[in-house]
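In: Sequence and predicted structure below; questions after.
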Amino acid sequence: SQLAEENSWALSVHEGESVTVNCSYKTSITALQWYRQKSGKGPAQLILIRSNEREKRNGRLRATLDTSSQSSSLSITATRCEDTAVYFCATDRGNYAQGLTFGLGTRVSVFP
Amino acid sequence: EAAVTQSPRNKVTVTGGNVTLSCRQTNSHNYMYWYRQDTGHGLRLIHYSYGAGNLQIGDVPDGYKATRTTQEDFFLLLELASPSQTSLYFCASSEGGGGNYAEQFFGPGTRLTVL
């Protein structure tokens, strides 16, 4: 089973609207990262939020972290067509191992 | 800006074939990773390395070998390829000091098909 997983397979919004992707994880973490993967490209990091942080912003992006419920969310405001991508959360692999474990991803489609 | 390149970008081989996927990073990062991406499974870590000559096992290492020849170069080897290894492979790099805190920079991917 996945150590980290997003809660929706796919979301669709119109340009200008906001969208939120949710993630839950199963292990104690040091940090959680959000990545975006556009079609035909490798993933690219959007935000890293540490376990002692509750919120992190990066432009139109806002990530939250709730360690008590082992969940995180990534919100995108004022969406644009170019925000269309698959969004992943990624966390520690556990047992002090290096590297990341990724969720299955949520496909976000932004329509004009 | 960080740069990770992979070659080839596409590869077709037959069952039992020998395949080497190459990755080069010009970021001076210590850590390098190999992932495979499959529908329904997401990105899964195969092997990683924290320096030349070092190799660590990831979550799905069976059927794969890897070698880190220099700080820049990391290779993934499939010595007896099987159809189950048909996948999209990504290489990534990150700075040292703890991969879990560090941003990983991904290459463009190699699509491997094993017939």
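Out: Noted; the coordinates are in hand. It should be emphasised that the depicted structure is a prediction, and the values quoted were computed from it without experimental measurement. Residues are numbered from 1 along each chain as shown, chains lettered A, B, ... in the order given.

In: ok, residue B:49 - how many residues close by?
Out: By the criterion of other Cβ atoms under 10 Å in any protein chain shown, residue B:49 has 21 neighbours. To be clear about C-beta, it is placed using only N, CA and C from the backbone, and glycine gets the same treatment.

In: Which residue is the nearest non-sequential neighbour of residue B:91?
Out: Leaving aside its sequence neighbours, residue B:91 sits nearest to residue B:23 (Cβ to Cβ, 6 or more residues apart in numbering or on different chains; 3.4 Å).

In: so where's the chain shaky on pLDDT?
Out: In the absence of a named chain, chain A is used. For chain A, the stretches flagged by pLDDT under 70 are A:1-3, A:7, A:95-96.

In: hmm, I had chain B in mind actually
Out: Residues of chain B that meet the cut-off, pLDDT under 70, sit at B:1-2, B:96-100.

In: beta partners for whatever residue of it ends up closest to chain A?
Out: Nearest to chain A, among the residues of chain B, is residue B:106, at 3.1 Å (Cβ to the nearest Cβ). Residue B:106 forms beta bridges with residue B:92, as assigned by DSSP bridges.

In: Could I get the contacting residues of the most centrally placed residue in chain B?
Out: Nearest residue to the geometric centre of chain B (Cα atoms, centre = their mean): residue B:34, 2.5 Å. Going by Cβ atoms under 8 Å, 6 or more residues apart in numbering or on different chains, residue B:34 touches B:21, B:23, B:45-48, B:58, B:64, B:66, B:74, B:76, B:89-91.

In: try 6 Å this time
Out: Residue B:34 sits next to B:46-47, B:76, B:91 when contact means Cβ atoms under 6 Å, 6 or more residues apart in numbering or on different chains.

In: Now tabulate those residues in CSV and tack on distance to residue A:58, secondary structure and neighbour count.
Out: Below are the contacts of residue B:34 laid out as CSV (distance: Cβ to Cβ, whole Å; DSSP: H, G, I helix; E, B strand; the rest coil; neighbours: other Cβ atoms under 10 Å in any protein chain shown):
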residue, distance to residue A:58, secondary structure, neighbour count
B:46, 29, strand, 23
B:47, 30, strand, 24
B:76, 32, strand, 23
B:91, 25, strand, 27
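
In: Distance to residue A:10 for those residues - can I get that in JSON lines?
Out: Formatted as JSON lines, the contacts of residue B:34 follow (distance: Cβ to Cβ, whole Å):
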{"residue": "B:46", "distance to residue A:10": "27"}
{"residue": "B:47", "distance to residue A:10": "31"}
{"residue": "B:76", "distance to residue A:10": "31"}
{"residue": "B:91", "distance to residue A:10": "27"}
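
In: Please verify my assumption that residue A:107 contacts residue A:86.
Out: Yes. In this structure, residue A:107 is within contact of residue A:86 by Cβ atoms under 6 Å, at 5.1 Å.

In: Between these two, tell me which one has more neighbours.
Out: Neighbour tally, residue A:107 and residue A:86, criterion other Cβ under 10 Å: the higher count belongs to residue A:86, 19 against 16.
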